[in-house]
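Asks: Sharing a model prediction with you, sequence too.
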Amino acid sequence: MTFDFDQGIDRRHSDSLKWHKYRDSDVLPLWVADTDFRSPACVIEAIQKRVAHGVFGYGAPPAGLINTLVSRLATRYQWHIQPEWVVVLPGVVSGLNLAVRAFTEAGQGTVAPTPIYPPFRSAARLANRTQVNFPMQHVENRWLPDLDAAELNGNARLLMLCNPHNPGGTVYTRAELETQLAFAQQHDLLVCSDEIHCDLLLTPGITHIPFASLNDDAAQRSITLLSPSKTFNIAGLGASVAIIPNAALRKRFSQVREGIVPSVDILALVAAEAAWRDGDPWLEAQLTYLRANRDALCATINSLPGLQMVCPEATYLGWIDASGLNLANPTHYFETHGLGFSPGRDFGNDQFVRFNFGCTRATLDEALMRLHRAVEACH
């Protein structure tokens with residue numbers, strides 16, 4: 001079976017948030033984390049079949065989706081979960097916010113790395129909680145957390161983990177995860193682990209290890225957030241899960257969710273089940289394509305004066321250090337040269353930009369050409 005990731009699909013005049021942002025200008029949208037690839041045929045066909053049924057009443061609990069997930073985690077990650085551990089959600093971001101509100105109280109807070117995916121930061125702020133940050137540091141061409149730099153005051157309750165890391169692209173080894181578990185044990189922290197990019201592994205030999213699979217202690221203090229949305233480009237359909245082995249934590253999480261976070265759309269559930277059940281051939285082809293894009297991006301970035309980039313082990317996101325260009329606002333500067341990146345300030349560092357390379361090679365080649373011109377103009 002072959003898949004055409006070179007196919008250009010016009011999203012500029014669709015309902016795409018990504019392309020709508022620059023719809024009236026010659027700026028390539030390389031920001032929000034969805035790709036420009038058509039979703040797998042298995043997903044499209046499953047949705048079409050469900051739509052043909054013609055009745056869209058309230059949906060029953062998605063046993064098929066949960067059973068598919070249980071099997072998938074056992075096969076791909078040797079993580080053996082129980083169906084009752086799964087709480088189905090309309091998005092990982094809602095899971096992050098629920099975790100903060102369920103497991104911290106007024107006067108307590110969270111602990112999170114910086115830079116980090118913006119909802120990790122806003123979840124604490126929106127709940128009127130504090131957040132202690134520790135830096136991600138550049139160590140042997142990888143971004144790793146400096147836990148020793150976290151100055152906890154005794155009020156922290158929840159460690160926010162992102163694995164694979166967004167925006168840095170690090171996939172934590174077992175030893176690195178065990179260090180973070182020891183930190184959580186030392187400070188009596190629960191751990192909310194966002195693992196939404198776990199299927200998007202780009203470096204040969206890299207293995208994703210779910211935090212909760214380390215041992216029983218890790219499982220009992222964990223909330224793991226997963227979704228097929230990034231993997232199969234179905235983010236607009238909004239189906240995710242929280243996996244919470246500890247019954248008391250699961251009950252608390254569900255109580256806080258009640259009456260606020262709705263059930264998941266029935267078409268989203270159909271899409272998620274089809275993706276996790278039948279989408280892996282498409283996924284493997286996508287990974288091959290993304291690896292080539294990543295390698296081209298890394299080679300270009302690291303050849304340009306004033307730019308640096310650690311080659312991500314996972315995701316389709318490049319975290320680019322533009323500090324060498326001495327620009328007050330790198331994001332704005334690149335926009336004036338037709339490049340729409342995610343602003344580094346949203347993640348915690350003004351001098352970086354995030355580049356979404358989940359696009360056709362033609363789009364990437366055009367973006368790299370514009371990047372060359374932008375850097376030349378800066379010098």
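Replies: Good, I have the coordinates.
Asks: could you pull out the strands for the stretch 101-250 of the chain?
Replies: Chain-ordered strands for the stretch 101-250 of the chain, with DSSP state E, counting those that start in this stretch as the definition, fall at 109-114, 130-139, 142-145, 156-162, 190-194, 222-226, 240-243.
Asks: would a markdown table of those strands with mean pLDDT and distance to V43 be doable?
Replies: Backbone N, C-alpha and C define where each C-beta goes, glycine included. What follows is the strands of the stretch 101-250 of the chain, written out as a markdown table (pLDDT from 0 to 100; distance: least, Cβ to Cβ, whole Å):
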| stretch | mean pLDDT | distance to V43 |
| --- | --- | --- |
| strand 109-114 | 98 | 32 |
| strand 130-139 | 97 | 33 |
| strand 142-145 | 98 | 32 |
| strand 156-162 | 98 | 25 |
| strand 190-194 | 98 | 22 |
| strand 222-226 | 98 | 17 |
| strand 240-243 | 98 | 15 |
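Asks: any idea how far P305 is from R294?
Replies: 21 Å (Cβ to Cβ, to the nearest Å).
Asks: Of these two, which one has the most company?
Replies: R294 (25 against 10; other Cβ atoms under 10 Å).
Asks: So the more buried one, which state does it fall into?
Replies: Taken by DSSP: H, G, I helix; E, B strand; the rest coil, the conformation at R294 corresponds to helix.
Asks: residues contacting it?
Replies: By Cβ atoms under 8 Å, 6 or more residues apart in numbering, the residues touching R294 are L202, C311, P312, Y316, G318, F357.
Asks: ok, now L159?
Replies: Counted by Cβ under 8 Å, 6+ apart, L159 has contacts T110, V111, A112, Q180, F183, A184, H187, L189, L190, V191, C192.
Asks: at 6 Å instead, please
Replies: Contacts for L159 (Cβ atoms under 6 Å, 6 or more residues apart in numbering) come out as V111, A184, L189, V191.
Asks: now for the helix or strand containing A272, which elements pack on it?
Replies: Under the criterion DSSP states H and E, the helix or strand holding A272 is helix 266-278. Secondary-structure packing of helix 266-278 (3 or more Cβ pairs under 6 Å, 6 or more residues apart in numbering; DSSP states H and E): helix 41-53, helix 63-77.
Asks: tell me the most buried of the ones you listed?
Replies: Across these, averaging neighbours per residue (mean count of other Cβ atoms under 10 Å) puts helix 63-77 on top, at a mean of 17.
Asks: what comes into contact with the next helix or strand after that one?
Replies: Toward the C-terminus, helix 63-77 is succeeded by strand 86-89 as the next helix or strand (DSSP H and E). Outside strand 86-89, the residues within contact range by Cβ under 6 Å, 6+ apart are I66, G95, S240, V241, A242, I243, V264.
Asks: can you redo those as JSON lines with distance to P83?
Replies: What follows is those, written out as JSON lines (distance: Cβ to Cβ, whole Å):
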{"residue": "I66", "distance to P83": "5"}
{"residue": "G95", "distance to P83": "18"}
{"residue": "S240", "distance to P83": "16"}
{"residue": "V241", "distance to P83": "11"}
{"residue": "A242", "distance to P83": "13"}
{"residue": "I243", "distance to P83": "10"}
{"residue": "V264", "distance to P83": "16"}
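Asks: By neighbours, which of the residues you listed wins?
Replies: Among the contacts of strand 86-89, G95 has the most neighbours (other Cβ under 10 Å), with 29 neighbours.
Asks: hey, C-alpha coordinates of the one helix or strand that residue maps to in PDB?
Replies: Per DSSP H and E: G95 is located in helix 92-103. Listed in PDB are the C-alpha atoms of helix 92-103, where the atom choice follows Å, rounded to 0.1, in the frame of the first residue of the first chain:
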ATOM      1  CA  VAL A  92      -5.600  16.600  25.900                       C
ATOM      2  CA  VAL A  93      -5.700  20.300  26.800                       C
ATOM      3  CA  SER A  94      -8.900  19.800  28.800                       C
ATOM      4  CA  GLY A  95      -7.000  16.900  30.500                       C
ATOM      5  CA  LEU A  96      -4.200  19.200  31.500                       C
ATOM      6  CA  ASN A  97      -6.600  21.700  32.900                       C
ATOM      7  CA  LEU A  98      -8.600  19.100  34.700                       C
ATOM      8  CA  ALA A  99      -5.500  17.600  36.300                       C
ATOM      9  CA  VAL A 100      -4.400  21.000  37.700                       C
ATOM     10  CA  ARG A 101      -7.900  21.700  39.100                       C
ATOM     11  CA  ALA A 102      -8.400  18.200  40.500                       C
ATOM     12  CA  PHE A 103      -5.100  17.700  42.100                       C
END
